[in-house]
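Visitor: okay, predicted coordinates and the sequence, questions at the end:
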Amino acid sequence: MNEKSVNAASPPYAGLTPDCVLDALDSVGIRGDGRLLALNSYENRVYQVWRDDAPPVVVKFYRPRRWSDEQILEEHALVAELAGAEVPAVAPVAIEGRTLATFSEFRFAVFPRHGGRAPELEQRRTLEQLGRYVARIHTVGAARPFAHRPALTVESFGSESRAYLLDHRFLPDDLRVAWQSVVDLALQSVRRAFDSVRVATLRLHGDCHAGNVLWTDDGPHFVDFDDARTGPAVQDLWMLLSGDRDAMEAQIKVILDGYQSFRDFDRRELALIEPLRTLRLLHYSAWIARRWDDPAFPAAFPWFNTQRYWQDRILELREQVALMDEPPLRV
């Protein structure tokens, strides 16, 4: 592993002990009974907390210095709008009129607990339902713009990710030129796609993959709007696709059948699927690199920054360059 810049500050969640979690909840009038379950989240710290006299709650402690208060409150406002429109999105609880609280150096929000299972994306009915619900999310999202939250752009997800990884010496010396070359080629293709397909943007979930959908017998609950941002509608659709081209064409057709029963979809956006996937791949590597001072990340991603990791990323990006030269999915 290469030499990297070292953050001398304490890890971001060093002070978030179980007692701190319980004391934070107690400060807003929610008394836990001592039982905590850490839920699967690396960006934030999320716990299910049991109570003696009421159902469990889920509390999310936001990563310090990632979002401003205004940006977090815009996320909360979007989810509240969705809930008000009877879209099944899990909104934070307002306590004394506020959804964002502070305890010690941590900002946190409390959510009702909703159970569920992963959606069965191989089922036509499931894909069609997801299309309808995402369309309803987008109808609310298009009603007004974000004032504080960022947009998904080639610069923020692509160029800035490239610069961070190079500037902080995460690339092995013998792979640096090859990686930089394929990234530059990939970003050229991404920019051409975005320049040629000028589409409307709106407030999005932003990270709408199967892991952020809790499925029940009554349908889905959408959770974790932490990556909500402005972007094209297809950003909330393409992560539901998998398999080869034929499989993805069949899946997107069903999803759009559901989507278009509630909202029009600009099919030119299908040309952005592989460019958006490319941006996500670059952003993902930079995301791990930016969080490397958090002890949870080396433990969770031990393969990151190995020689094999970067070799695989070079091959992956070469495949993306080839895919971006192909015609968009047909529906």
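Guide: Arrived safely, thanks for sending.
Visitor: give me the neighbour count for residue 207.
Guide: Using other CB atoms under 10 Å, residue 207 has 18 neighbouring residues. (C-beta placed from N, C-alpha, C; glycine too.)
Visitor: equivalent analysis for residue 330, please.
Guide: For residue 330, the neighbour count with other CB under 10 Å is 10.
Visitor: show me where the stretch 201-331 of the chain has its helices.
Guide: For the stretch 201-331 of the chain, helices defined by DSSP state H, counting those that start in this stretch occupy the ranges 245-259, 273-290, 296-300, 307-324.
Visitor: with just CA atoms, put the second one into PDB.
Guide: This file holds the C-alpha atoms of helix 273-290, laid out as PDB (Å, rounded to 0.1, in the frame of the first residue of the first chain):
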ATOM      1  CA  ILE A 273     -26.900   5.100 -18.000                       C
ATOM      2  CA  GLU A 274     -23.300   4.000 -18.700                       C
ATOM      3  CA  PRO A 275     -21.900   7.500 -18.200                       C
ATOM      4  CA  LEU A 276     -23.600   7.600 -14.800                       C
ATOM      5  CA  ARG A 277     -22.300   4.200 -13.900                       C
ATOM      6  CA  THR A 278     -18.800   5.300 -14.900                       C
ATOM      7  CA  LEU A 279     -19.100   8.400 -12.600                       C
ATOM      8  CA  ARG A 280     -20.300   6.200  -9.800                       C
ATOM      9  CA  LEU A 281     -17.300   3.900 -10.100                       C
ATOM     10  CA  LEU A 282     -14.900   6.800  -9.900                       C
ATOM     11  CA  HIS A 283     -16.700   8.400  -7.100                       C
ATOM     12  CA  TYR A 284     -16.800   5.100  -5.100                       C
ATOM     13  CA  SER A 285     -13.000   4.800  -5.200                       C
ATOM     14  CA  ALA A 286     -12.600   8.400  -4.100                       C
ATOM     15  CA  TRP A 287     -15.200   7.900  -1.400                       C
ATOM     16  CA  ILE A 288     -13.300   5.100   0.200                       C
ATOM     17  CA  ALA A 289     -10.100   7.100  -0.100                       C
ATOM     18  CA  ARG A 290     -11.600  10.200   1.600                       C
END
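Visitor: next, the angle helix 307-324 makes with that helix.
Guide: 160 degrees (axes from the mean of the first three to the mean of the last three CA atoms, to 10 degrees).
Visitor: report all helices and strands that helix 273-290 contacts.
Guide: Here helix 273-290 touches helix 160-167, helix 173-196, helix 307-324, going by 3 or more CB pairs under 8 Å, 6 or more residues apart in numbering; DSSP states H and E.
Visitor: now it, how far from the centre of its chain.
Guide: Distance of helix 273-290 from the chain centroid (CA atoms, centre = their mean, to the nearest Å) equals 11 Å.
Visitor: how about the residue of the chain positioned farthest from its centre, secondary structure?
Guide: Computed with CA atoms, centre = their mean, the residue of the chain farthest from its C-alpha average is residue 53, at 33.6 Å. Three-state call for residue 53 (DSSP: H, G, I helix; E, B strand; the rest coil): coil.
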